[in-house]
Structures are given as C-alpha cells and as structure tokens.
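Novice: this one's sequence-less:
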C-alpha cells in the first residue's frame, strides 16, 4: 500500500469548505458546549448543593460531560472534513429531538429551551443531509462507487 494521497481524497479536501458544513459544525459544537456547561453545573451543584443523592448528582454530571464529547468531536471532524463525523453529528441531533419534545411538554421555563433545542436539531439535520455537505465530506450514496 502506498501512503501517497489518492486523487479521490484530493477532490474532497480541495477548495473552500461549504458554508453549510461550517454551520453544521458550529451548531454541533454549540450543542456540545451547552452539554459541557450543563455537566459542570450538575457536578458543582452535586458537590456544593444539598442534593437528595450526592452520588447520583455527581454521576449525572460526569455522564453529561462524557456525552458532550460526541457533538464536540463531531464538530471538529466536520470542520476538518472527515466523513466519519457526519454519523455522530446526526445521532446527536436525533437524540436531541425527544429531549426537546419533553422540554416542550413541561409547564415551566423549560419551554423556550425546548424550542431552541428543536430548532437547532432540525436545522442541523437539514444541513447535515444536504448534498453540498455530503459531497464536501466525500460521502457517496449506495451504488455510487465510481
């Protein structure tokens, strides 16, 4: 095997990055940052507050921090035009939709957060399945090997 770049890979990374791909990466990064902030907040509240179960609060915070890695890594991969990054980004958006629905069902200040999350998730999905994004990442559909 040769380590020389193939013409196929050169086509993927040549030229400017489509704005849609940049926007998708930005939205994914924004979600990752929001999750990281939420995880840190849960950890701080678990250690400094008076939760019913301190262990559960700390475990929840750590879990949310680890979950924040998925959209952050996907955002980095999208910016670097890595084809693998679209999968984690799409999965993140699909997981965000039921969370947004549950926030919209609440009778509280969570409703605006649910609206914002739903808008970001739907916009991200539209950007991620766009043909310009797919071409920029070098993803080919079924039966398009050549």
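Specialist: That came through, no problem. Everything quoted here is computed from the prediction, not taken from an experiment.
Novice: how many residues are close by the closest residue to residue 27 other than its chain neighbours?
Specialist: Sequence neighbours aside, residue 124 is the residue nearest to residue 27 in space, at 4.5 Å (criterion: C-beta to C-beta, 6 or more residues apart in numbering). (Each C-beta comes from the backbone N, C-alpha and C, glycine too.) For residue 124, the count of nearby residues is 25 (other C-beta atoms under 10 Å).
Novice: with residue 121 instead?
Specialist: For residue 121, using other C-beta under 10 Å, the count is 21.
Novice: okay, and the residue nearest to residue 27 sits in which element?
Specialist: Element membership of residue 124, judged by DSSP states H and E, is helix 110-128.
Novice: tell me if I'm right that the residue nearest to residue 27 and residue 25 touch.
Specialist: No: with contacts counted by C-beta atoms under 8 Å, residue 124 stays clear of residue 25, the gap being 9.6 Å.
Novice: got the contact list for the helix holding residue 124?
Specialist: 20-21, 23-24, 27-28, 30-31, 86, 89-90, 92-94, 96-97, 99-106, 133 (C-beta atoms under 8 Å, 6 or more residues apart in numbering).
Novice: tell me which residues of it come out buried.
Specialist: For helix 110-128, the buried set under the neighbour-count rule, 16 or more other C-beta atoms under 10 Å, comprises 113-114, 117-118, 120-121, 124-125, 127-128.
Novice: same list, these, but as CSV with pLDDT and distance to residue 53 please.
Specialist: CSV is the format used below for the buried residues of helix 110-128 (pLDDT from 0 to 100; distance: C-beta to C-beta, whole Å):
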residue, pLDDT, distance to residue 53
113, 91, 24
114, 93, 26
117, 93, 26
118, 96, 30
120, 95, 31
121, 96, 30
124, 96, 34
125, 96, 36
127, 95, 39
128, 95, 37
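Novice: what distance separates stretch 62-71 from the centre of its chain?
Specialist: 11 Å (C-alpha atoms, centre = their mean, to the nearest Å).
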